[in-house]
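Show me the folded form of this:
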Amino acid sequence: MDILFNMRTFVCVVETGSFTAAAQRMDLTTSYVSRSVATLETHLRTRLLQRTTRRIALTEAGQRYLLRCQQILGYIEEAEAEAGDAHAHPAGNLKVHSMTGIGQHYLIKAIAAYNRKYPDVSFDLTLANRTTDILDEGYDVSVVIARELPDSGLVSKCIGSTFSVLCASPGYIAEHGFPHRPGELQQHRCLRLVNAAMSLDKWEFEGPDGDEMVTINRSVFQVNTADAMTEAVKAGIGIGALPVYSAIAGLRDGSLVRVLPQYRLYQLKVFALYPSRQYLDAKIRTWVEFLRDTLPERLQADEASLQELSGMLKAL
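Down below sits the predicted model:
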């Protein structure tokens, strides 16, 4: 028995004053409407309407039940309208996971810009250098960096791409000199960035002679965030692979020196992951669209700054 349908039918009969009028409003037959109310009365084991050939009248129990039905159906209409509005209007709390570096350097600024456009959305941002189980951990969107994604059943949108470069401190270079080819890194102190997007023991380069791979044998330090790696490199511990966005400021102020400037570590994609494409909540849809529209421009601006700095160094 569809209790909500029968409740709606009962309310409609009372509001229209007859089974026939209710049937016309609901586009049903009069007998179907009559059976619906009768089924409801059987379920409740009480009479709701007194029926004569000319009119109907509410019983005392029917009057009380009518008020409850109107309240319940009103709540349902409000809930349906609110849920439908979630599909149309961005509002509510958005729980986002992001890998640390991309989150610190790009997502916080993106959130500020998005919020100016959609002020009814609040954010709960978690930064962690790991993939996450969106469904189990309750995230709406996860922003990750990877070469490719395994098949997870989640919806994924590529929202940009980036890469890393090798850097050292001026002091380290003064003491140990520059490597001139990737293979010479095996004679240097190399620092490992623990990151799900990159191999811990192998650096893969794109350079003038194509792709090259170097195995890192002499690692004296490893850490799990790019900003911490940046500080370690500045401190002169060794040579480290830094994402472009972490290296730019140090290269600009001279606290970092780019190593093997004609090479870069392989391209990585930035993905936004979310659970479902169907009936997508407006805040998720607009947030992913906002990142897709704005993040590539920010990533390209940093790449342009890197090229500009490299050009300045060549000129010197």
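
what about the strands in the stretch 151-300 of the chain?
Assigned by DSSP state E, counting those that start in this stretch, the strands in the stretch 151-300 of the chain fall at 155-162, 164-168, 190-193, 202-207, 210-215, 219-223, 239-243, 257-259, 264-265, 268-274.

can you list contacts of the shortest one?
Right, strand 264-265. Residues outside strand 264-265 that contact it (Cβ atoms under 8 Å, 6 or more residues apart in numbering) are Phe163, Ser164, Val165, Leu166, Met198, Trp203, Glu204, Phe205, Glu206, Gly207, Ala241. Backbone N, C-alpha and C define where each C-beta goes, glycine included.

mind putting these in CSV, neighbour count included?
CSV is the format used below for the contacts of strand 264-265 (neighbours: other Cβ atoms under 10 Å):
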residue, neighbour count
Phe163, 16
Ser164, 26
Val165, 23
Leu166, 26
Met198, 20
Trp203, 22
Glu204, 14
Phe205, 21
Glu206, 15
Gly207, 13
Ala241, 26
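
From what I see, Asp37 and Asn6 are in contact.
Asp isn't right for residue 37; it's Val. Yes. Val37 lies in contact with Asn6 (Cβ atoms under 8 Å); the separation is 7.1 Å.

sorry, back to before: lowest-confidence one in the contacts of strand 264-265?
Across the contacts of strand 264-265, the bottom pLDDT score, 68, is held by Met198.

Sticking with Ser122, tell me its helix or strand.
Element membership for Ser122 (DSSP states H and E) is strand 121-127.

Quick one: mean pLDDT for that strand?
So the average pLDDT for strand 121-127 ends up being 95.

start at 44 instead
With 44 as the first residue, the last one maps to strand 164-170.

What pairs with it, parallel or antiparallel?
strand 135-141 (parallel) (DSSP bridges).

After the strand it pairs with, heading C-terminal, what element do we hit next?
Following strand 135-141 in sequence order, the next helix or strand is helix 143-145 (DSSP H and E).

Pull the residues that contact that following helix.
Residues from elsewhere that reach helix 143-145 (Cβ under 8 Å, 6+ apart): 170-172, 186, 188, 205, 268-270, 286, 288-289, 313.

7 Å - rerun?
Contact with helix 143-145 is made by Leu170, Ala171, Asn172, Val186, Ile188, Thr268, Ala269, Asp270, Pro286, Tyr288, Ser289, Val313, as judged by Cβ atoms under 7 Å, 6 or more residues apart in numbering.

The fifth one: how many residues sit nearby?
Using other Cβ atoms under 10 Å as the criterion, Ile188 is surrounded by 21 other residues.

and it, backbone torsions?
Dihedral pair for Ile188: phi -110, psi 130, per degrees, to the nearest 10.

From Ile115, how far off is it?
Ile188 sits 49 Å away from Ile115, going by Cβ to Cβ, to the nearest Å.

Repeat that for the fourth one.
Summarising the geometry, the distance separating Val186 from Ile115, computed by Cβ to Cβ, is 41 Å.

what packs against the longest helix along the chain?
Using DSSP state H, we find that the single longest helix of the chain is helix 325-358. In terms of contacts (3 or more Cβ pairs under 7 Å, 6 or more residues apart in numbering; DSSP states H and E), helix 325-358 is packed against helix 103-131, strand 135-141, helix 151-160, strand 184-189, strand 198-205, helix 287-296, strand 311-317.

a strand runs through Pro133, doesn't it?
No. Judged by DSSP: H, G, I helix; E, B strand; the rest coil, Pro133 forms no part of a strand; its state is coil.

count of neighbours near it?
Per other Cβ under 10 Å, the neighbour tally for Pro133 reads 21.
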